[in-house]
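Participant: requesting a structural model of the entry that follows:
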Amino acid sequence: MATINISLSEELKRYVSAQVKGGAYGNVSEFFRSLIRRHQEHAIQARLERLLLDGIESGSVGPLTRSDWDELRRVALERAQTQIPAPGEKKAKRIKNAPGATRPGRNRGVLRRGVK
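Facilitator: Sure, this is the predicted structure:
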């Protein structure tokens, strides 16, 4: 794991120490990793909101057809099989013989998020 050194005012140092002593975090590094993860999640949420607004502002569209839904499912499954977990999300695990598995009956299946 990489190391980064930062400078904090005494006030911020006391705040971080209080968070750790209060049991909210195991140590100072855990506190800062949590802040970084929240920042990443915020950035992802902001991007999603921008994309949704872009879609809304792009004009009206017709109803989705059966082939549209089939294509959406295909793309979503393809992405799920190759996607890296989002910040704060548990490592994706392959599930044997899961619905939509690429090769049913073998040890290769679709990725499922947060499955223990």
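Participant: what's downstream of the longest helix seen in the chain, the next helix or strand?
Facilitator: Longest helix in the chain by number of residues (criterion: DSSP state H): helix 28-57. Going down the chain from helix 28-57, the next helix or strand is helix 66-82, by DSSP states H and E.
Participant: flag the shaky bits of the chain, pLDDT-wise.
Facilitator: For the chain, applying pLDDT under 70 flags the ranges 83-116.
Participant: domain ranges for it, per the record?
Facilitator: 9-55, 65-116 (automatic domain parsing).
Participant: wait, V16 sits on L8?
Facilitator: Yes. Judged on C-beta atoms under 8 Å, V16 makes contact with L8 at a distance of 7.0 Å. No exception for glycine: its C-beta is placed from N, CA and C like everyone else's.
Participant: the more surrounded of these two?
Facilitator: Between V16 and L8, counting by other C-beta atoms under 10 Å, V16 is the more crowded of the two (16 against 11).
Participant: does anything pack onto the strand or helix carrying the more buried one? Which helices or strands?
Facilitator: Assigned by DSSP H and E, V16 belongs to helix 10-21. Judged by 3 or more C-beta pairs under 8 Å, 6 or more residues apart in numbering; DSSP states H and E, helix 10-21 is in contact with helix 28-57.
Participant: show me what the helix it packs on is packed against.
Facilitator: helix 10-21.
Participant: phi and psi next, for G23.
Facilitator: Main-chain dihedrals, G23, degrees, to the nearest 10: phi 90, psi 0.
Participant: and for the protein, the residue most distant from the center?
Facilitator: Within the chain, the residue lying farthest from the chain centre (C-alpha atoms, centre = their mean) is E10, at 33.5 Å.
Participant: if I look at that one, how far off is V16?
Facilitator: 11 Å (C-beta to C-beta, to the nearest Å).
Participant: same thing with G26?
Facilitator: With C-beta to C-beta as the criterion, G26 and V16 are 13 Å apart.
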